[in-house]
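[1] This is a predicted model, with the sequence first.
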Amino acid sequence: MTTISIIGTGNMGAAIAAIAAKGGAAVQVVARDRAKAAELATQVNGAAAAVGEELTGEIVVLAVPYPALAEIVSTYGDKLDGKVLVDVTNPVNFATFDGLTVPADSSAAAELAASVPGARVVKAFNTNFAATLASGELDGAATTVVIAGDDGAAKSSVAEVVKAGGLAVADACSLKRARELEALGFLQMVLAVREHIGWTGGFAVRA
């Protein structure tokens, strides 16, 4: 059985937890507030923990805002070694909402991989709105989660969780593609804020 720890109890964390549980994974929900973690864990028949407690998942999903990544890395350090670390963030400059905060030749995922070299980082879920993950469909077709990473086995493990939960997967190849995925995620947010699309819509991938 796949084991997965999801750090974060917001809309994205809740949607990903439900996908994992639907696919038969053993889910651990982790949050600063243990009560909130327990509330979501109950919904997915999982276990709850507070940030800083042991991560039981072989896959760890960071369903938190980009600025929180540094705190998580500082808290867990080398305990993340060997883990498949899934970054769902978009490093948007929310003060100006006119771009990403990482250098033009980098990404949040690349920064994360550099800060935890013992972990196997996969970019995933950042081009999906939570509503399309929760519903499992977009414009009449299965929601597609685009992933990127340098470790093939790590990507496969994430893809298996997504597919088991009823969604589709598209592999964008190496972790270098995280830059484009984060730009796409940001553009999708801009369109939603400008009300050109709804928060229940977004970009779709078609074969």
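    That came through, no problem.

[2] Helices along this protein, start to end?
    11-22, 34-43, 69-76, 108-115, 130-135, 152-164, 178-193 (DSSP state H).

[3] Gly52 is nearest to which of these?
    Closest of the helices of the chain to Gly52 is helix 69-76, at 5.5 Å (criterion: C-beta to C-beta). No exception for glycine: its C-beta is placed from N, CA and C like everyone else's.

[4] buried set for that closest one?
    69, 72-73, 76 (16 or more other C-beta atoms under 10 Å).

[5] now swap in stretch 97-113 and tell me
    Under the neighbour-count criterion of 16+ other C-beta under 10 Å, stretch 97-113 has 100, 102, 106-113 buried.

[6] Widest-spaced pair of those residues?
    Leu100 and Ala113 (16.6 Å).

[7] out of the helices of the chain, nearest to Gly57?
    Nearest to Gly57 among those is helix 11-22 (9.1 Å), distances taken as C-beta to C-beta.

[8] Can I get that closest one in CSV, CA atoms only?
    What follows is helix 11-22, C-alpha atoms only, in CSV (Å, rounded to 0.1, in the frame of the first residue of the first chain):
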residue,chain,number,x,y,z
ASN,A,11,-8.4,23.4,-0.5
MET,A,12,-5.4,21.8,-2.3
GLY,A,13,-4.4,19.6,0.6
ALA,A,14,-8.0,18.4,1.1
ALA,A,15,-8.4,17.6,-2.6
ILE,A,16,-5.2,15.7,-2.9
ALA,A,17,-5.9,13.8,0.4
ALA,A,18,-9.2,12.7,-1.1
ILE,A,19,-7.6,11.6,-4.4
ALA,A,20,-5.0,9.6,-2.5
ALA,A,21,-7.6,8.0,-0.2
LYS,A,22,-9.9,7.2,-3.1
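
[9] quick check: angle from it to helix 152-164?
    80 degrees (axes from the mean of the first three to the mean of the last three C-alpha atoms, to 10 degrees).

[10] Report the rounded mean pLDDT for helix 11-22.
    Across helix 11-22, pLDDT averages out at 98.

[11] Packing partners of that helix?
    If contacts are counted by 3 or more C-beta pairs under 8 Å, 6 or more residues apart in numbering; DSSP states H and E, helix 11-22 sits against strand 3-7, strand 26-31, helix 34-43, helix 130-135, helix 152-164.

[12] who does the last one touch, helix- and strand-wise?
    Packed against helix 152-164 by the contact rule (3+ C-beta pairs under 8 Å, 6+ apart) you find helix 11-22, strand 59-62, strand 84-87, strand 120-123, strand 144-149, strand 168-171.

[13] could I get these as CSV with mean neighbour count and distance to Glu195?
    CSV is the format used below for the helices and strands packed on helix 152-164 (neighbours: other C-beta atoms under 10 Å; distance: least, C-beta to C-beta, whole Å):
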stretch, mean neighbour count, distance to Glu195
helix 11-22, 22, 19
strand 59-62, 26, 29
strand 84-87, 28, 28
strand 120-123, 28, 27
strand 144-149, 24, 24
strand 168-171, 16, 27
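
[14] Out of these, the one nearest Leu187 is which?
    Using C-beta to C-beta, the helices and strands packed on helix 152-164 put strand 144-149 closest to Leu187, at 13.5 Å.

[15] Check what contacts that closest one and list those residues.
    Strand 144-149 is contacted by residues 109, 120-125, 127-128, 133, 138, 155, 158-159, 162, 167-178, 181, 204-205 when judged by C-beta atoms under 8 Å, 6 or more residues apart in numbering.
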